[in-house]
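Undergrad: show me the folded form of this:
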Amino acid sequence: MNENQDLISRFYQAFQQRDHATMFGCYHPDATFEDAVFKLKGKEIGAMWHMLCERGKDLTLEFQVIAEGNAVKAHWEPRYTFSQTGKKVHNIIDAEFEFKDGKIYRHRDAFDFYRWSRQALGVPGVLLGWSDFLHRKVSAVANGSLKTFIRKHPEYAE
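TA: Numbering: from 1, shown residues only. Sure thing, here's the model as predicted:
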């Protein structure tokens with residue numbers, strides 16, 4: 001296993017333990033993170049993982065680190081109760097990474113938003129999970145929650 005694979009394994013092992021500090025320590029200071037809901041940089045990434053670890057009381061996850069030549073990817077499947085609705089979610093996520101100075105520099109998670117919304121939101125997700133309207137709404141609420149979390153945790157303020 002190369003050092004980038006080790007780094008990603010350490011990252012997801014820390015996530016399994018809800019150790020947000022170790023997770024954030026895996027990122028380069030100028031890192032970016034992107035998924036269907038968030039588009040973050042720098043300390044915002046640490047705040048997101050901290051928030052998710054805190055809220056994910058019943059979070060479990062399985063992961064697999066995949067090396068393809070010089071590229072390192074991951075497949076991970078978290079299971080948790082979505083805090084806003086109390087509904088159980090089993091998400092399926094594929095992650096891609098770029099590295100700089102031995103740290104994660106770019107991190108992109110891809111998942112089926114419609115599948116997620118049906119589980120997390122129930123009927124509204126079934127009816128509207130395919131729409132840009134619901135996608136934007138979920139993103140706005142999640143980003144608003146993150147901004148509130150950052151205000152309560154000034155160590156993440158830029």
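
Undergrad: which residues in this protein form helices?
TA: Remark: helices assigned in the chain by DSSP state H are 3-16, 20-25, 43-55, 113-121, 123-128, 132-152.

Undergrad: I'd like the average pLDDT over the fourth one.
TA: Helix 113-121 shows an average pLDDT of 93 in the prediction.

Undergrad: please report phi then psi for residue 111.
TA: Main-chain dihedrals, residue 111, degrees, to the nearest 10: phi -150, psi 160.

Undergrad: I'd guessed it sits against residue 37; true?
TA: No - contact criterion Cβ atoms under 8 Å: residue 111 and residue 37 do not qualify, at 9.6 Å. Every C-beta, even on glycine, is put in place using the N, C-alpha and C of the backbone.

Undergrad: picking up where we left off before, TSV for the helices of the chain, including mean neighbour count and distance to residue 91?
TA: Below are those laid out as TSV (neighbours: other Cβ atoms under 10 Å; distance: least, Cβ to Cβ, whole Å):
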stretch	mean neighbour count	distance to residue 91
helix 3-16	18	13
helix 20-25	17	17
helix 43-55	20	12
helix 113-121	20	6
helix 123-128	15	13
helix 132-152	14	13
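
Undergrad: which residues touch the biggest strand by length in the chain?
TA: Counting by DSSP state E, the longest strand found in the chain is strand 71-82. Outside strand 71-82, the residues within contact range by Cβ atoms under 8 Å, 6 or more residues apart in numbering are 2, 4-5, 8, 12, 56-66, 87-97, 99, 119-121.

Undergrad: quick one: the helix or strand of the chain with the lowest mean pLDDT to chain centroid distance?
TA: Using mean pLDDT, DSSP states H and E, helix 123-128 stands out as the lowest-scoring helix or strand of the chain, at a mean of 77. Put simply, helix 123-128 sits 22 Å off its chain's centre (Cα atoms, centre = their mean, to the nearest Å).

Undergrad: distance check, residue 58 against residue 26.
TA: According to Cβ to Cβ, to the nearest Å, residue 58 and residue 26 sit 24 Å apart.

Undergrad: give me the more crowded residue out of these two.
TA: residue 26 (22 against 8; other Cβ atoms under 10 Å).
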